[in-house]
Structures are given as structure tokens and as C-alpha cells.
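> Generate coordinates for the sequence data below:
(one chain, ligands or ions: 2)
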Amino acid sequence: MGIDYQKGVKYLVDNSNDMKILPSEFVLPIPEAERPLLAIHGFIPAIDLSGLDGPIEQRVSTIHAISSACAQWGFFRVTNHCINISIMDEMLKVIEEFFNLPLDEKMRYASENVMDPVRYGTSLNTSRKHALHWRDFLRHYGGLVPHTYHLWPDNPPSYRHVAKEYLKEVWQLAVKIFGAISEGLGLDPNYIERSLGDEGTQIIAANYYPPCPEPNKTLGLAAHSDHGGLTILMDNGIHGLQIKHNQTWFLVPHDPGTFIVNLGDYLEILSNGRYKSVEHRSVVNEEKTRISIAVGHGPEMDAIVEPASPLIQEKSESKYRPILYKDYIRGQQSTVKRGKTALHEIMTSADNNKEDQI
Ligand SMILES: O=C(O)CCC(=O)C(=O)O
Ligand SMILES: [Fe+2]
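Ligands and ions are numbered 1, 2, ... in the order given. Next up is the predicted model:
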């Protein structure tokens with residue numbers, strides 16, 4: 001008899017007596033060269049965002065630093081981002097409290113429909129069409145005016161209030177970075193923000209990765225790129241995020257009080273491939289529980305996603321076929337995430353570095 005995976009990995013760990021062996025359902029076919037423990041420490045660009053509000057030369061050099069981080073890495077860390085550390089701490093606290101609730105309480109939000117406004121689940125999804133991943137998650141929509149607020153968890157009691165405040169601040173940070181990226185691409189500073197429409201999509205994914213008996217044999221999240229424009233992420237100080245750069249997995253160090261920002265598919269498409277969304281994954285560890293909170297920012301659901309018209313002279317230069325954002329998300333989220341396959345499917349030419357990976 002298999003394990004009761006539907007209840008999630010936290011439940012599994014909490015209810016097993018000193019688990020020493022990884023249940024076989026979680027063993028993933030990770031190529032030897034891509035094992036979690038082989039990832040290397042590397043330099044990840046760090047951007048001091050206060051430069052955007054400084055004198056003109058400083059602003060220009062900060063925009064330049066952001067552009068080159070986008071072009072070379074698709075990933076960077078930000079400091080001096082103006083978000084108070086106390087709201088970051090509070091957000092981590094309410095997320096931790098949520099995952100520590102009794103299972104029945106969390107299951108009120110269980111959903112297998114990837115478009116549902118609030119979802120609690122485990123692995124990539126609760127329906128088991130694939131090998132299992134070592135994580136539980138809570139996801140829901142945010143937005144400057146969060147229409148789904150009344151559906152968000154009401155336990156812990158301060159959850160809605162804290163999450164609303166946090167998501168508002170993170171949205172403003174995303175808009176600031178979108179502005180710098182627009183300018184760096186030679187677009188009007190408001191170009192990307194305007195492209196999101198009146199109801200741009202903000203999605204929070206809170207991930208819970210309990211200690212794992214054999215962390216080198218599984219993953220918290222397999223390699224994927226995010227569908228939105230920018231993902232802004234923090235964690236509880238336990239390392240676990242890795243990014244793929246030049247075919248090598250790098251560990252991403254995370255310092256408290258800073259954010260990790262990564263480019264998603266929407267920006268790759270909008271920039272007509274000048275910037276690439278970055279593949280990342282999360283790995284687990286034997287001792288500590290890791291919590292990460294990733295917030296994605298993309299256009300409104302009914303937006304047509306396509307390269308920015310000022311960046312292409314003729315339609316034939318467009319490397320991506322137009323697609324409705326909601327159709328893109330549905331396609332990307334409904335299948336087992338495999339690298340950047342969803343993006344490759346809408347490419348007009350095969351010139352991108354397609355590769356097979358788990
Ligand atoms: O846990 C992490 O660091 C990565 C999370 C992530 O990539 C996601 O939720 O899309
Ligand atoms: Fe991600």
C-alpha cells in the first residue's frame with residue numbers, strides 16, 4: 001500500500017516516527033549531474049534599489065545594472081527596496097501559522113483546479129499524475145484591489161490583514177522594477193506597467209518544505225520558469241532555491257531583509273527574447289523546515305501576451321505567438337512542470353535553447 005500523500009508532506013513527516021528513508025513515490029528521476037547537492041555557490045547580482053531615487057547618474061547606473069542582470073542572469077537580489085522588515089517578518093509568521101494549523105482547517109482550501117482563486121495542496125498539485133514533490137503550498141490571488149480577499153484564509157485571524165498589506169507593498173516594488181526594466185529596454189518608463197492592464201495579476205505561492213530524509217533524491221519543486229513578469233521572493237533564511245545559469249545549477253543565497261527577483265515568461269515574451277525567463281527549482285534538506293513566499297506579477301487574465309510593438313519592426317520578427325495570458329497559465333500549470341516547455345510551445349522559431357530536463 002502506498003503512502004497517504006494527499007494529506008501533504010508536513011502531515012507525513014509529523015505522523016511518522018523518525019523517517020529514515022524517502023518513500024519511493026517521492027524519488028524523482030534527477031540526472032546524476034543535476035543532483036541537488038552538486039549545485040555550486042555563485043555570485044548573483046545584487047541591486048541597491050535606492051539608486052533609482054537618487055541623482056540622475058545614479059539612477060542611470062542602477063537601471064544599467066538591472067538591465068545587465070536581466071540580460072545575463074534573469075535573476076537578482078534587491079536591497080534598500082523600501083519594504084519594512086517588520087511586514088516581511090509578519091508575513092512569514094502568518095504563513096508559518098497557517099501551515100501549522102490542523103489538517104482539516106487547511107483542507108478547507110484544498111483545490112485541484114489550477115485557476116481557483118485560493119488553493120492549498122501538496123506536491124505540484126494534489127492530483128497524482130506524476131512523481132511527488134516534497135512540498136505543501138498555499139496559493140491565492142492578490143492584486144492592488146484584491147477581489148478575492150473574502151476567500152483568503154481566515155485562520156490565523158490576522159492572515160488576511162497581513163497578507164493584504166504585504167501584497168500591496170510587493171506590488172509597488174514590482175511596479176518600480178518594471179519601470180526600470182522598461183527604461184532599460186528603451187521603452188516608455190510606464191510601458192510594462194500599462195501592459196498589465198487595470199487588473200494586473202498578482203499570485204502568491206507560499207511553499208512549505210519540511211525536513212526530508214534523503215534530500216538528494218527528490219526536489220521541493222522541479223525546474224520551471226514562472227509565467228508572470230517578475231517574481232519577488234523571500235524565505236525563512238533556510239537555503240533551498242537554485243537557478244540554472246549556463247547549464248549549471250547555482251545555489252541562491254538569501255539574506256534576511258532582502259528579496260530575490262526573477263524574470264518570468266511574460267517578460268521574456270514582452271522583450272521578444274532579449275531577456276530570458278530563468279529556470280529555477282527548490283531543493284530540500286534533512287534538518288530544517290524551509291518556507292518560501294513567492295509573489296508573481298503578470299498582466300490581467302484577458303490580456304494578450306506578445307512582444308512589445310516598439311521592440312519589433314515587423315510582425316515576422318516576433319519570436320512568440322500571441323496568446324491570452326489565462327490560456328498560457330492554464331497550459332503551464334496543468335501539466336507537470338518541465339523546464340520551459342510551455343514557453344517553447346508558443347515560439348515561432350526553434351532558435352531558443354530547448355532542452356529536456358526534469
Ligand atoms: O521555494 C523557492 O525558493 C522557489 C519557489 C518557486 O519557484 C515558486 O513558487 O514558483
Ligand atoms: Fe518559481
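
> Output the below-cut-off pLDDT ranges for this protein.
By pLDDT under 70, the weakly predicted segments of the chain are 1-2, 125-130, 334-338, 349-358.

> do that again at 50, thanks
When the per-residue scores of the chain are filtered using pLDDT under 50, the ranges that remain are 1, 350-358.

> sec struct for the residue nearest to E25 when sequence neighbours are not counted, please.
Once flanking residues are discounted, E25 sits nearest to L132: 4.9 Å by C-beta to C-beta, 6 or more residues apart in numbering. All C-beta spots, glycine's among them, are computed from the backbone N, C-alpha and C. Per DSSP: H, G, I helix; E, B strand; the rest coil, the secondary structure class of L132 is coil.

> Could you measure from L132 over to A222?
11 Å (C-beta to C-beta, to the nearest Å).

> just S158 next, same as before
Taking C-beta to C-beta as the measure, S158 falls 33 Å from A222.

> Looking only at neighbour counts, state which of these two leads.
A222 (21 against 13; other C-beta atoms under 10 Å).

> what secondary structure does that one sit in?
Assigned by three-state DSSP, the conformation of A222 is strand.

> you'd agree I85 is up against G257?
Yes: with the criterion set as C-beta atoms under 8 Å, I85 and G257 qualify as a contacting pair; they are 4.9 Å apart.

> the more surrounded of these two?
G257 (14 against 10).

> what sits against K93?
K93 makes contacts with V162, as judged by C-beta atoms under 8 Å, 6 or more residues apart in numbering.

> cool, and the one 4 residues further on?
Shown here is E97, whose contacts under the criterion C-beta under 8 Å, 6+ apart are 156, 159.

> Can you tell me the SS state at it?
The three-state label given to E97 by three-state DSSP is helix.

> doesn't Y120 make contact with A110?
Yes: at 5.2 Å, A110 counts as touching Y120 under the criterion of C-beta under 8 Å.

> Compare neighbour counts for those two and give me the winner.
Between A110 and Y120, counted using other C-beta under 10 Å, Y120 has the larger neighbour count: 24 against 17.

> so which strand or helix has R119?
strand 118-122 (DSSP states H and E).

> continuing past that strand, what's the next helix or strand?
Taking DSSP H and E as the definition, the helix or strand that follows strand 118-122 towards the C-terminus is strand 136-141.

> what's the lengthiest helix in the chain packed up against?
Secondary structure assigned by DSSP state H gives helix 159-184 as the longest helix of the chain. The helices and strands touching helix 159-184, judged by 3 or more C-beta pairs under 8 Å, 6 or more residues apart in numbering; DSSP states H and E, are helix 56-72, helix 85-99, helix 191-195, strand 201-209, strand 230-235, strand 290-298.

> how near is the closest residue to L311 other than its chain neighbours to ligand 1?
Take L311 and drop its neighbours on the chain: the residue closest to it by C-beta to C-beta, 6+ apart is N272, 5.1 Å away. With the distance defined as C-beta to the nearest ligand atom, to the nearest Å, N272 ends up 24 Å from ligand 1.

> Repeat that for S318.
Looking at S318 against ligand 1, where the rule is C-beta to the nearest ligand atom, the gap reads 27 Å.

> Might you report the residue contacts of that residue?
Residues 272, 306-307, 312, 348 are the ones in contact with S318 under the rule C-beta under 8 Å, 6+ apart.

> So among those, which ones count as buried?
In the contacts of S318, burial by neighbour count holds for 272, 306-307, counting by 16 or more other C-beta atoms under 10 Å.
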